[in-house]
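Engineer: Here's a sequence, model it:
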Amino acid sequence: MTTVQKAQVTPGNAGEKWVPICPYDDLIPERGAAALVRGRQVALFRAFDGRLFAVGNRDPFSGAYVISRGITGTRGDEPVVATPMHKQVFSLVTGVCLDDPATAVPTYPIRVTNGTVEVSVE
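Structural biologist: Modelled structure (predicted):
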């Protein structure tokens, strides 16, 4: 399991939209990692093809902050994560629960800058 340190927001970057999280290579393909970004728990995923996804880490069905520990895969061409608590499946692209489309987790913009993964929660 990859451990990602808490993202630090210092006075010099408090107004910036993007928060650096970790080196890209620290994220293991198809394994989740959690980061605390400006007070929000974010689950980060790196797909085998290199794409990155960031969604809220709170499972809306159980209330537990465990989505980063879920099982990743696909439904059709859609990258997904199944929560470890009750196995509901969420799209990593839209955050919508494929088992109950009335429920969703937030998604966050994610990018790589100079080899560092950055997330925006604004």
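Engineer: Could you double-check that residue 20 sits in contact with residue 117?
Structural biologist: Yes: using CB atoms under 8 Å, residue 20 makes contact with residue 117 at a distance of 7.4 Å. All C-beta spots, glycine's among them, are computed from the backbone N, C-alpha and C.
Engineer: Of these two, which one has the most company?
Structural biologist: residue 117 (26 against 17; other CB atoms under 10 Å).
Engineer: Now the more buried one: closest residue in space that isn't a chain neighbour?
Structural biologist: residue 21 (4.7 Å; CB to CB, 6 or more residues apart in numbering).
Engineer: repeat for residue 118
Structural biologist: Nearest one to residue 118, counting by CB to CB, 6+ apart, is residue 18 at 4.1 Å.
Engineer: so what's that neighbour up against?
Structural biologist: Residue 18 makes contact with 111, 113, 118, 119, 120, according to CB atoms under 8 Å, 6 or more residues apart in numbering.
Engineer: Check residue 74 too.
Structural biologist: Residue 74 sits next to residue 80 when contact means CB under 8 Å, 6+ apart.
Engineer: Tell me the spacing between the closest residue to residue 30 other than its chain neighbours and residue 88.
Structural biologist: Nearest-residue entry for residue 30: residue 72, 4.9 Å, with adjacent residues in sequence omitted and distances by CB to CB, 6+ apart. Counting by CB to CB, to the nearest Å, the separation of residue 72 from residue 88 is 14 Å.
Engineer: rewinding a little: give the buried subset of the contacts of residue 18 as a ChimeraX selection command.
Structural biologist: To isolate in ChimeraX the members of the contacts of residue 18 that are buried, counting by 16 or more other CB atoms under 10 Å, one can use:
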select :118,119
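Engineer: ok, so of the contacts of residue 18, who is nearest residue 98?
Structural biologist: Among the contacts of residue 18, residue 119 lies closest to residue 98 (CB to CB), at 23.2 Å.
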